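A.B. asks: Okay, sequence plus prediction incoming.
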Amino acid sequence: MSRHEKGRPLPSGIDEPVFSEPWQAEAFALTVALHEKGFFSWGEWAEVLSAEVKAPGAAQDGSDYYDCWLRALEKLLAAKGVAPQHDVDQLAAAWQRAAHATPHGKPILLENDPECGQ
Amino acid sequence: MAARVRALETILTQKGLIDPAAIDVIVDTYETKVGPRNGARVVAKAWSDPEFAEWLKRDATAAIASLGYTGRQGEHMQAVFNTPDQHNMVVCTLCSCYPWSVLGLPPVWYKSPPYRSRAVIDPRGVLAEFGVTLPDETKIRVWDSTAELRYLVVPMRPAGTEGWSEEDLADLVTRDSMIGTGLAREAA
């Protein structure tokens, strides 16, 4: 059986930056920090992450790896009751509104959300 | 995605579960301080110092820690030595477990579904894609990483490097050679 029969080419091996967007680095670091505080074992984390990266529809080139990572972290934190999904949804929407309402070049603050405090 | 990470970070900070400054330190560490240079130093030392090589074979976690590289996930390390009879290659079929302390974070291909499945089914074909052809008589052993146990491949020392300093030797050790999808560079 030749490798061509298996069809799926590997992504190119060129050296890419460790993180392609800042949020990936943050999601990664949050996980490492929470693990260091003993919120979960690394085995527990690997299991949750594995379920996400093995889900049907995961990109063959691994480009959505940190999307999987973030989904896994959200699920784990929701399951542990630390950050319920509803809270994350609401807060994420608030951050997005704040980002839109913040003039370019200024730091984005949650207080800039036009609906903040309503 | 960025907004969702911010949301998580906000909740965790408000609850006092994380310190944003600590998050910055972790990011900086993995972006700039940890990388395959660490592993290359381990390999170069093993090539130069038989006693260290023996220790690395017996108790890789301790031998690697003696150089200041310790894992953050409490994982154990195992060093697997390439020989003319056996080539070693590392994968994580579960997700993307990787020896961060010595190699930094994994490259994109290591995390991709094709590598995770094909490394096990067809290691020789995968190696060919990396431009590596091994003699037919060389066996290929594939090691599947876990959250608890990570592997470092010690490639064979290139010929013509007798008497080289550890520092010069380390320059021949590539990241891929320590995953087993490559060989050490030849002596120039």
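C.D. replies: Yep, it's here.

A.B. asks: List the buried residues of stretch B:181-188.
C.D. replies: Of the residues in stretch B:181-188, B:181-184 count as buried by neighbour count, 16 or more other C-beta atoms under 10 Å in any protein chain shown. Using the backbone N, CA and C atoms, a C-beta is placed for each residue, glycine as well.

A.B. asks: domains in chain B, as residue ranges please.
C.D. replies: B:1-33, B:36-179 (automatic domain parsing).

A.B. asks: who wins for proximity to residue A:59 among the ones you listed?
C.D. replies: Nearest of these to residue A:59, taken as C-beta to C-beta: domain B:36-179 at 7.9 Å.

A.B. asks: sorry, back to before: turn the domains of chain B into TSV, including distance to residue A:90 and mean pLDDT.
C.D. replies: Shown next, in TSV, are those (distance: least, C-beta to C-beta, whole Å; pLDDT from 0 to 100):
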stretch	distance to residue A:90	mean pLDDT
domain B:1-33	8	89
domain B:36-179	30	93
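
A.B. asks: Any chance of CSV for the buried residues of stretch B:181-188, columns pLDDT, distance to residue A:107 and secondary structure?
C.D. replies: Output for the buried residues of stretch B:181-188, formatted as CSV (pLDDT from 0 to 100; distance: C-beta to C-beta, whole Å; DSSP: H, G, I helix; E, B strand; the rest coil):
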residue, pLDDT, distance to residue A:107, secondary structure
B:181, 96, 42, coil
B:182, 95, 43, coil
B:183, 96, 48, coil
B:184, 96, 47, coil
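
A.B. asks: Which members of those residues additionally contact chain A?
C.D. replies: Residues of those in contact with chain A (C-beta under 8 Å from any C-beta of the partner chain): residue B:181.

A.B. asks: among the domains of chain B, which is nearest residue A:72?
C.D. replies: domain B:36-179 (8.9 Å).

A.B. asks: Closest one to chain A out of the buried residues of stretch B:181-188, please.
C.D. replies: Minimum distance to chain A across the buried residues of stretch B:181-188 is 7.8 Å, recorded for residue B:181 (C-beta to the nearest C-beta).

A.B. asks: Touching, residue A:27 and residue A:71? I think so.
C.D. replies: No: under the criterion of C-beta atoms under 8 Å, residue A:27 makes no contact with residue A:71, lying 9.8 Å away.

A.B. asks: Pick the most deeply packed of the domains of chain B.
C.D. replies: Of all the domains of chain B, domain B:36-179 carries the top mean neighbour count, a mean of 19, counting by mean count of other C-beta atoms under 10 Å in any protein chain shown.

A.B. asks: tally of neighbours for residue A:62?
C.D. replies: As a burial measure, residue A:62 scores 24 neighbours (other C-beta atoms under 10 Å in any protein chain shown).

A.B. asks: Let me see the ranges of the strands in chain B.
C.D. replies: Using DSSP state E, the strands of chain B run over B:76-81, B:86-91, B:139-144, B:149-154.

A.B. asks: Distance of residue B:154 relative to residue A:26?
C.D. replies: Distance, residue B:154 to residue A:26, using C-beta to C-beta, to the nearest Å: 34 Å.

A.B. asks: So for chain B, the centremost residue is which one?
C.D. replies: Most central in chain B under C-alpha atoms, centre = their mean is residue B:103, positioned 4.2 Å from the mean C-alpha point.

A.B. asks: you'd agree it is up against residue B:180?
C.D. replies: No: using C-beta under 8 Å, residue B:103 is not in contact with residue B:180; the gap is 11.6 Å.

A.B. asks: Identify the residues contacting residue B:96.
C.D. replies: A:49, A:53, A:65, B:106, B:110-111 (C-beta atoms under 8 Å, 6 or more residues apart in numbering or on different chains).

A.B. asks: could those go into TSV alongside distance to residue A:77?
C.D. replies: Formatted as TSV, the contacts of residue B:96 follow (distance: C-beta to C-beta, whole Å):
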residue	distance to residue A:77
A:49	13
A:53	18
A:65	19
B:106	23
B:110	26
B:111	22
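
A.B. asks: farthest-separated two in these?
C.D. replies: A:49 and B:110 (13.9 Å).

A.B. asks: pLDDT below threshold where in chain A?
C.D. replies: Counting by pLDDT under 70, chain A contains low-confidence ranges at A:1-17, A:116-118.

A.B. asks: need the longest helix for it.
C.D. replies: helix A:85-101 (DSSP state H).

A.B. asks: ok, that helix near chain B or not?
C.D. replies: Yes: when contact is scored as C-beta under 8 Å from any C-beta, part of helix A:85-101 falls within range of chain B: A:87-96, A:99.

A.B. asks: Check which helices and strands that helix sits against.
C.D. replies: helix A:65-79, helix B:2-14 (3 or more C-beta pairs under 8 Å, 6 or more residues apart in numbering or on different chains; DSSP states H and E).
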